[in-house]
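Peer 1: fold the stuff below for me.
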Amino acid sequence: MKDLTYGFNDYMILDNLPRAVAIHKVEFDQNNEPCNYTYTYVNQQFCEVLNKSKEEVVGHKVTELFPGIEKDSADWIKIYGRIAAQGGHEDTIQYSEHLDRWYRVMYFGLPNNMFFVMFDDITEEKRKESSLSKALASSVDAVFILKALYNHRRDIRDFEIIYVNPAAEKQIQTPKEALIGHKINELYFTKSGKISFYRCKEAFIKQLPCEEEYEVISEHLAPGHYYQQTIPTESGVVIFCRDITERKKQEKQAYTTGKLITLGSITAGITHEITNPLQVIQSCMEVLNDKYGNNDSLTRELIERTLVASSKIFGLVSSLKVLYRRPTKLGKSSLGSVINGPVFGASNDGTSDIISVKDLVHGMTPLVSPILKGDIEFNINYQHLPEEIFTNAPLAATHQILISLLSNASEAIKESASPEQGKISITVDERKHFIDFIISDNGPGMLPEIQHKIFEPFFSTRLERGSAGLGLAISEKLAHEMNGELRLLNTNADGTTFVFSLPRVYPSEHFLSAQKELQNKRGKEWQRPTANNRILVVDDEKDFCLFFSRILIVLGFNVTTASSGEEGRTLFSKEHFDYVIVDSNMPKITGERMIELILKDHPETKCKFFITSGRIDLEDVSYLPPQIRARVGAIIPKPFSIDLIKRILI
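Peer 2: All right, here's what the predicted structure looks like:
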């Protein structure tokens, strides 16, 4: 036995080793090729690995214990025969198909065609590694396994990629073959420098995981925001990299929405307080116009100027409703379908009428001259369009967006140091489903770092000159609500171009016929109602009640007023009314609640209900509870004209 083990007199050393150990003698065939080997010694750990006793192993050939092993892909007999014949030692990891096991093997050649083997069964470790590999391969996060590289002073100079998963290939936009062996410094660049390398180095040296978020501007990595977690290992680091660009966009949008909601809430309350006295001014001036407008030219001019001024104030207030508007759809319950026309001026109610694009452009022309002051050449190119091109975008909102863009272009040209004459143009083009307004100027353009911010509320490069930074933000939201789009097409040192797209509609003959019929309705002369037509006006603003009731009396109605929802409900129970016009925003019982209670008390009533409101966030009846929605004819925004009241009550 001493010869066989070549010096191992005391087997206690081998028996007590924690690893499996065996000594074998190789047999060679007539061609001097290894053909078998015999176990001459095994320790207890070896027996436990094979699940056999020493007596079942020692003295037996490997082909006896494991029939067919000579065909195993690991080719154990050939490997061990070479070591036994040539001497030396090797370390390897081998998989045995015959045994379906993985082994980490260290073997030494001994004299007399013998060899010594020490090995571990690493099958479970390999299976876990395989599971991990599958998990990494299916991960949506990019995974990089890096090996630390050192210089001659043993300082870390870089990290080499030794593994990437498919998500990493996609994120780096490079195939795996071109990434393996690549240096991390060649891939990751951020605004603050090579953050990724220094984070890897820090994590590896301190052996502590770290994480960060950063914006990438690398030619290798898709631009955007990324979250990176770096976990140290014995030889390098593992990086998990997640693309959080969409999340950042959502966070930014949520922040912007929050600011708009706050601004909208404040604006809605303020405009309610503005529109009530504005309604009184409007109503008084219309009564004065009817009574004294024909007396002399000066009186008529003063009244008309006052009406125009109040109209402008209301137009400015109405334009802010985009900041605090419930999403609605125009339909049979909208104010537009009840009166099918402007509330005050040209479509200031925000409702959609089908309009010819050429009419839209013609209507904008007189609005341009006050904006384009100075030596600015302005052109509108639309003559190439067919006659019959229509959109259903609200006229006032469309003009507002175009005027905002023209105003910005004019300001940009004024800031330009170019000696060339300022030029602004609008070109109108048609597509199958859209109409494009292309607004171009020859101003100085925009810097790259601000281009992605221009549609953010409160962002402006002219804040110190009084700009609120809301023009483009409101315009973009208005365009979106019209099922259109506002986008920056291009900008450079030669100027800037925006594209404002509106939905194109193809009205049917039936619709055009209905429109003509409605136009005839608008042209009907007002017929004075009989004294039996009774209206109940309910509003907590006494001045509004007073003047509105006088207007209705002048129109020929029998009017009763109430200053609260409780009083209005009581009066309705005692008297008969054909119409009820009630303010939405009243203390204790709102207008909506008053209508709900009246309909509960008198479900059989044929009375028609209307709600007035100075709030810019109430546009149509879609916000009302279902039980009263069908009974409310319209939401009447304050201030309103006498002509509107006539059309509603025809």
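
Peer 1: and residue 431, what's its pLDDT?
Peer 2: With respect to pLDDT, residue 431 has a value of 85.

Peer 1: likewise for the one 4 residues further on?
Peer 2: The per-residue pLDDT reported for residue 435 equals 92.

Peer 1: can you count the residues close to it?
Peer 2: By other C-beta atoms under 10 Å, the residues close to residue 435 number 23. For glycine as for every other residue, the C-beta is placed from the backbone atoms N, C-alpha and C.

Peer 1: and it, what element?
Peer 2: Taking DSSP states H and E as the definition, one finds residue 435 inside strand 434-441.

Peer 1: do residue 603 as well
Peer 2: Of the helices and strands defined by DSSP H and E, none includes residue 603.

Peer 1: distance of it relative to residue 625?
Peer 2: Relative to residue 625, residue 603 is positioned 15 Å away (C-beta to C-beta, to the nearest Å).

Peer 1: the two: who's more crowded?
Peer 2: Neighbours per residue (other C-beta under 10 Å) separate residue 603 from residue 625, with residue 625 holding more: 10 against 7.

Peer 1: give me the pLDDT for the more buried one.
Peer 2: 87.

Peer 1: again, but for the one 5 residues further on
Peer 2: What the model reports as pLDDT for residue 630 is 87.

Peer 1: around it, how many other residues sit close by?
Peer 2: Look at residue 630: counted by other C-beta under 10 Å, it has 10 neighbours.

Peer 1: the helix or strand harbouring residue 282 - what's its average pLDDT?
Peer 2: Using DSSP H and E, residue 282 sits in helix 245-292. For helix 245-292, mean pLDDT is 73.

Peer 1: kindly report the same for stretch 583-602.
Peer 2: For stretch 583-602, mean pLDDT rounds to 92.

Peer 1: start and end of it, how far apart?
Peer 2: By C-alpha to C-alpha, to the nearest Å, the extent of stretch 583-602 from end to end equals 20 Å.

Peer 1: re earlier: neighbouring strands - and their directions - for the strand holding residue 435?
Peer 2: Strand 434-441 sits in its sheet next to strand 422-430 (antiparallel), strand 495-505 (antiparallel), going by DSSP bridges.

Peer 1: quick one: contacts of the longest one?
Peer 2: Strand 495-505 is touched from outside by 354, 389-393, 398, 401-402, 405, 409, 412, 430-443, 445-446, 475, 479, 482-491, with contacts defined as C-beta atoms under 8 Å, 6 or more residues apart in numbering.

Peer 1: which of these are buried? Put it as a ChimeraX command.
Peer 2: To isolate the buried members of the contacts of strand 495-505 in ChimeraX, using 16 or more other C-beta atoms under 10 Å:
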select :389,390,391,392,393,398,401,402,405,409,412,434,435,436,437,438,439,440,441,442,443,445,446,475,479,482,484,486,491
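
Peer 1: among the contacts of strand 495-505, which ones are in strands?
Peer 2: Members of those lying in strands (criterion: DSSP state E): 390-391, 430, 434-441, 485-491.

Peer 1: report the beta-bridge partners for residue 422.
Peer 2: On the basis of DSSP bridges, residue 422 is bridged to residue 376.

Peer 1: and for it, the neighbour number?
Peer 2: Residues near residue 422, counting by other C-beta under 10 Å: 21.

Peer 1: same question, residue 249
Peer 2: As a burial measure, residue 249 scores 12 neighbours (other C-beta under 10 Å).

Peer 1: what of residue 203?
Peer 2: There are 22 residues near residue 203, going by other C-beta under 10 Å.

Peer 1: do residue 493 as well
Peer 2: Using other C-beta under 10 Å, residue 493 has 10 neighbouring residues.

Peer 1: which residue packs closest to it, ignoring adjacent ones?
Peer 2: Using C-beta to C-beta, 6 or more residues apart in numbering and skipping residues adjacent in sequence, the residue nearest residue 493 is residue 445, 5.3 Å away.

Peer 1: check contacts around the one you found.
Peer 2: With C-beta under 8 Å, 6+ apart, residue 445 has these contacts: 491-496.

Peer 1: distance of it from residue 409?
Peer 2: 11 Å.

Peer 1: and residue 145, by the same measure?
Peer 2: Distance of residue 145 to residue 409, given as C-beta to C-beta: 53 Å.

Peer 1: can you check residue 589 too?
Peer 2: Distance, residue 589 to residue 409, by C-beta to C-beta: 50 Å.

Peer 1: same question, residue 431
Peer 2: For residue 431 relative to residue 409 (C-beta to C-beta), the value is 23 Å.

Peer 1: same question for residue 449.
Peer 2: 21 Å.

Peer 1: likewise residue 25?
Peer 2: Look at residue 25 and residue 409: by C-beta to C-beta, they are 95 Å apart.

Peer 1: do the same with residue 115
Peer 2: 87 Å.

Peer 1: thinking again about what came up before, as JSON lines, the strands paired with strand 434-441 with distance to residue 549 would be great.
Peer 2: Shown next, in JSON lines, are these (distance: least, C-beta to C-beta, whole Å):
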{"stretch": "strand 422-430", "distance to residue 549": "47"}
{"stretch": "strand 495-505", "distance to residue 549": "41"}
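
Peer 1: minimum distance to residue 594: which of the ones you listed has it?
Peer 2: Residue 594 lies closest, by C-beta to C-beta, to one member of the strands paired with strand 434-441: strand 495-505, at 38.2 Å.
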